[in-house]
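Visitor: Have a look at this prediction, sequence included:
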Amino acid sequence: MTHSSHCHEPGQGADVEHKGRVQNIRLTITGASCGGCVGKIEKALQAVEGVEAATFKLAEREAVVHGQVEAAALIEAVEAAGYGASEITDDAQAESDKTPVAPCHGAPGTEKQAPRAATGNPIHLAVTGASCASCVSKIEKALQAVEGVEAATFNLADREAVVRGQVDAAALIKSVEAAGYGASEITDEEQSSDEKEKAEEAYYRKLLREMTIALALGVPLMAYGLLGGEMNVVTTGERLVWLVVGLVTLGVMVFAGSHFYIGAWKSFKAHSANMDTLIALGTGTAWLYSMVVVIAPGIVPELARHVYFEATAMIIGLIDLGLALEIRARGRTSQAIKRLLGLRAKTARVVRDGREQDIPIESVQIDDIVRVRPGEKIAVDGVVTEGHTSIDESMLTGEPMPVEKDAGDEVVGGTLNKSGSILYRATRVGKETALAQIIAMVKQAQNSRPPIGRLADTIASVFVPVVMIISVLAALCWYNFGPVPQVAYMLVTATTVLIIACPCALGLATPMSVMVGVGKAAEAGVLIRNGQALQQASKLNIMVLDKTGTITAGHPEVTEVITRNGFDESELLQLAASLEAGSEHPLAQAIVESAQARELDLGSLEGFKAIAGHGVEGSVKGRALLFGNHKLMKDRGIDLGDLQAKAQELAAQARTPMYLAVDNQAAGIIAVADPIKEDSVAAIRRMQKLGLEVVMITGDNEATAKAVAEKVGIKHYFAEVLPDDKQNKVAELQQQGKLVGMTGDGINDAPALAQADVGFAIGTGTDVAIESADVTLMRGSLHGIADAIAISKATLRNIKQNLFGAFVYNTLGIPFAAGVLYPFVGILLNPVIAGAAMAFSSVTVVTNANRLRLFKPSEASA
Amino acid sequence: MSILVNLIGLALIAAIVWWFWLYQPKASAQSKSGAVAITVDDGVYSPSRVSVKPNEPVVLRFLRKDPSPCAAMVIFDDLDISEELPVGKPKEISLKVDKPGTYAFTCQMKMYRGELVVENE
């Protein structure tokens, strides 16, 4: 947002009412999902009295309205058209709105510095223990008493205090605690990743310590048993010794396994059951039984007077070990995010008051001028204002070649400045930067789940009670049909069933692989929106590629100008460029650029009208112009003469010929060609190797389409497709029962992307949040699509392996533990082995997911 | 004796079915105007049932005390929300649900479980 937009129009007094002012109003529009909505919304806005111009961008869901009008009237109009709208205001705007006279030509940014100097970033605290209104003033006083605090408010309803000033959170927390309440800082999780690591490390150490305690008892006891030591309790002496061992085991349970028992009890009270429940029940039962044998052997049959203290200690130790290993393995699954977080710069060198100063990145404001030297990171997103350099953007886009930047080019925070020193103006800071958005999107996607995980989720949610029931049933079977001493067999089987069952492996199977897969994709510059997109992408049959900007570079150039009926080349270009000057279409821009390169003056345009998909008309210097394709000329009855043959010739060379008619007379052809991207051919071949049928779609004429398709090795293509029709073509393919992917630019192709089973948007490096797309490519190369498909296939394969492993483990392990094999081969599973199996089953799942990190979606394999 | 043991076993199964599946909790935390604080510790969200009114913005403030990775995430499957919970620091999730119904929130492995009840007006 520029400052001049809030300025008063010349001639208006400072006391003009807010309502009567010409201003820009920004609206967020909801409910608009297709290209057709754009026209509707713009029309609705333009119909409001006082509106001079209204544009709506689908990709950003944002409408900008210029005119003498109130936001409320605009919102009403949009709502009447069937959409939702709300005004976007920001502090900067509110600030300048309050200023009675904003100097239009004065230095922008001067009035913005005031609020920055006044306060730092506010600190948010969650306060506990405050229950009454009188606490509010106590807490506020306690906060205000801390040195450096400028303002502190506490909201009882959400138990949140907001503090402004130069102060650190620890001092505030101390002060609140001194006042008798509890407090903790509410921060963005991005900021707490270090702390997260510390907490994880502490937990890891705790688990290892507990494991050591448990195994220190369990291993000698088990070795004693295995070496033929007497585990049956017969004499009084033995009873005494075992009583001591039993009490030591209780100590182990308290010091090394208390979290299992507390967790089990708390969740039991809440009518839920989890892994803790199984472990607590299993180890607890074994210990209780053994204690009964020791204290009151009389009530247990003589043959069954066996103690299982070693099982209790070993199982606790092994499961602690398993959890510790799992934490380590899990840490690696989030490496991609850590790498992205590591890309953020900490400080920026900002030019203020003519001096360069290093300031924390959080304090950089929009419109600040930032200096970057060679070898330094770009701090925030911006536009180069001075200097020339090349920048390594590979960490974000996966594009290995450094990109040249001149004044006016965009730079992206987190990328690396290689060669030159530049100055740039910050355009996006904080959470708005491309990097921050990428991180947020990757995190969101990593935590979402593909439909393939649903079944496992359903099973996991009823798993524990089911296992408890199986355990009781197994015990009953052994009681009714088992050999003597039944009670010992009942105990062993029931305990073993409880211990071997592992809901974790089931629950972890999908999320761990998704985590690694989505992260892997992000490393290749491919942002996958969610788990569903990941799964769908792996199953696609057809990939539809838009030609312009996808297969081709999207920067067409004028290659030929052919004139007829006495026009010369410059005149033709001048007229066409005047007609197209306002258009954003790439072909139009090519013509305008070409005219500018020849230093032709553009005439003023009247009565401009776009004929969708066919061309444009209007009049320049009183001459009626018609510019477009063959169909347009035919419809208007223009005699093309031999131009048609020329056009076909050009089209066969992959050029796009456009006819210009002046005053209903053919004036000539301007041919534009859009060069095919260097790696498109190789990338398309990779897609075909991955089993996709690749289809091209374009608004270009048949001959051009054919020429391009042949060059890149595509058999099927749709030519002369109107923009609004792309969506229908995708739908047609879907009706054939195929899963269809669509690749396009995310703005013009938004409806088609939304229609496709998976929409791939080719980004320009900074457009991260392309809403219509399921997958966004950070770089222009089609290799990103092939990478996305390859990674999604590898991830789905990995998920299936994990799910298969977890299912097989549980469906074989539980019956085995229940003693199904005993009648046939006389084998019964030892509870300690069950504990080991269970502890390592979840580690295995996480480790297998980590294998995905090694997967290389290699471009060389093409 | 043997009949008694079998009956005890069957009763145990019935108790498991009732306690974990059939029991319908009544008590639930109400959201008034502000945030609902939910502690994540020892395998349970407490409170594990939060009722809210449809179309009313509500803030759930999760405070995770359990350092085990099981508690690391809270997921509202039906609402497309999944958030990482830092240990020992509150994490706020703002919601506004328009359709009445019961929405489960869980950890990644469905071991931590809670319900967000959107009441009929």
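Guide: Thanks, I have the structure now.

Visitor: Report the helix or strand with the lowest average pLDDT across the chain.
Guide: All of this is about chain A. Ranking every helix and strand in chain A by mean pLDDT, DSSP states H and E puts helix A:113-118 at the bottom, with a mean of 31.

Visitor: let's do chain B instead
Guide: strand B:29-30 (a mean of 63).

Visitor: Can you name the next helix or strand after that one?
Guide: Per DSSP states H and E, the first helix or strand lying C-terminal to strand B:29-30 is strand B:35-41.

Visitor: Is there any residue in that following strand that contacts chain A?
Guide: Yes - looking at strand B:35-41 against chain A by C-beta under 8 Å from any C-beta of the partner chain, the contacts come from B:Ala35, B:Ala37, B:Asp41. All C-beta spots, glycine's among them, are computed from the backbone N, C-alpha and C.

Visitor: Quick check: which of these has the minimum pLDDT.
Guide: pLDDT across the residues of strand B:35-41 next to chain A is lowest for B:Ala35, at 75.

Visitor: okay, now that residue: neighbour count?
Guide: 21 (other C-beta atoms under 10 Å in any protein chain shown).

Visitor: Beta-bridge partners for it, please?
Guide: Counting by DSSP bridges, B:Ala35 is bridged to B:Val59.

Visitor: Wait, it touches A:Glu160, no?
Guide: Yes - look at B:Ala35 against A:Glu160 with C-beta atoms under 8 Å: they come within range, at 7.0 Å.

Visitor: list the residues that contact both of those two?
Guide: Both B:Ala35 and A:Glu160 lack any common contact, where contact means C-beta atoms under 8 Å, 6 or more residues apart in numbering or on different chains.

Visitor: thinking again about what came up before, return the member of the residues of strand B:35-41 next to chain A nearest to A:Arg328.
Guide: Closest approach between the residues of strand B:35-41 next to chain A and A:Arg328, by C-beta to C-beta: B:Asp41, at 23.0 Å.

Visitor: the strands in the stretch 351-500 of chain A, which residues?
Guide: A:355-360, A:369-372, A:381-386, A:389-392, A:403-405, A:410-411, A:416-417, A:422-428 (DSSP state E, counting those that start in this stretch).

Visitor: A:Val518 versus the residue nearest the centre of chain A, what's the distance?
Guide: By C-alpha atoms, centre = their mean, chain A has its centre lying nearest to A:Met441, at 2.0 Å. A:Met441 sits 9 Å away from A:Val518, going by C-beta to C-beta, to the nearest Å.

Visitor: Over to A:Thr212?
Guide: Distance from A:Thr212 to A:Val518, by C-beta to C-beta: 36 Å.

Visitor: of the two, who's got more company?
Guide: Per other C-beta under 10 Å, whichever of A:Thr212 and A:Val518 has more neighbours is A:Val518, with 30 against 13.

Visitor: Contact partners for that one?
Guide: A:Val518 neighbours (C-beta under 8 Å, 6+ apart): A:Ala336, A:Val442, A:Ala445, A:Gln446, A:Ile528, A:Leu534, A:Thr795.

Visitor: again, only this time at 6 Å
Guide: Listed by C-beta atoms under 6 Å, 6 or more residues apart in numbering or on different chains, the contact partners of A:Val518 are A:Ala445, A:Gln446, A:Ile528.

Visitor: A:Ile799 touches A:Met512, doesn't it?
Guide: No - using C-beta atoms under 6 Å as the test, A:Ile799 is too far from A:Met512 to be in contact (8.8 Å).

Visitor: Nearest residue to B:Asp41 in space, ignoring adjacent ones along the chain?
Guide: B:Lys65 (4.0 Å; C-beta to C-beta, 6 or more residues apart in numbering or on different chains).

Visitor: Relative to chain A, how far out is the one you found?
Guide: 11 Å (C-beta to the nearest C-beta, to the nearest Å).

Visitor: got the phi/psi numbers for that residue?
Guide: phi -110, psi -20 (degrees, to the nearest 10).

Visitor: Isn't it up against B:Asp42?
Guide: No - counting by C-beta under 6 Å, B:Lys65 stays clear of B:Asp42, with 8.1 Å between them.

Visitor: higher neighbour count, the two?
Guide: Using other C-beta under 10 Å as the criterion, B:Lys65 and B:Asp42 rank with B:Asp42 on top: 24 against 12.

Visitor: Hmm, A:Tyr261 and the more buried one touching each other?
Guide: No - counting by C-beta under 6 Å, B:Asp42 stays clear of A:Tyr261, with 9.6 Å between them.
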